[in-house]
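Visitor: pasting the structure only:
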């Protein structure tokens, strides 16, 4: 009987299949994940040199560029705005209504909303603006 030298067993690990599996898992999770978009009302406020910060604890009426009305981020129509606004004014201590209107809306719609706020017995009306960036002090 002849003794042969021991054969060396190769212990090298081939990582190419491992990389393939990792990339497949990555693609699977990217395709199966859901991207959550933050809900919100898109409004471009008009600029004003005298704009001031105001706490947003009051009642907010938002008017979007496509004339949708939101009362505290809840979609309302012009017909039921007065009713919903009266309910909100009764619930709050401060009876201030802030109107956030897109700069491209029809002025007539803003006037109607302000009139409805007065009919609902709002004590103060504030028209929300953003501070002009090129204001010289």
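Guide: Structure received. This structure is a prediction, so every number in the text was calculated from the model and none was measured.

Visitor: Next one, pLDDT for residue 109 please.
Guide: With respect to pLDDT, residue 109 has a value of 88.

Visitor: my read: residue 112 touches residue 78, true?
Guide: Yes: between residue 112 and residue 78 there is a contact under Cβ atoms under 8 Å: 6.6 Å. Yep, even glycine has a C-beta here, placed from its N, CA and C like the rest.

Visitor: Have a look at those two and say which one is more surrounded.
Guide: residue 112 (15 against 12; other Cβ atoms under 10 Å).

Visitor: Which residues are in contact with that one?
Guide: The neighbours of residue 112, taking Cβ atoms under 8 Å, 6 or more residues apart in numbering as the test, are residue 78.

Visitor: and it, how far is that from residue 65?
Guide: 17 Å (Cβ to Cβ, to the nearest Å).

Visitor: pLDDT of the helix or strand harbouring residue 87, averaged?
Guide: Remark: residue 87 resides in helix 78-91, with elements defined by DSSP states H and E. Averaged across helix 78-91, the pLDDT comes to 88.

Visitor: which other residues reach whichever strand or helix holds residue 125?
Guide: Assessed by DSSP H and E, residue 125 sits inside strand 124-127. If you take Cβ under 8 Å, 6+ apart as the criterion, strand 124-127 is touched by 54, 58, 95, 96, 97, 98, 99, 101, 110, 114, 117, 118.
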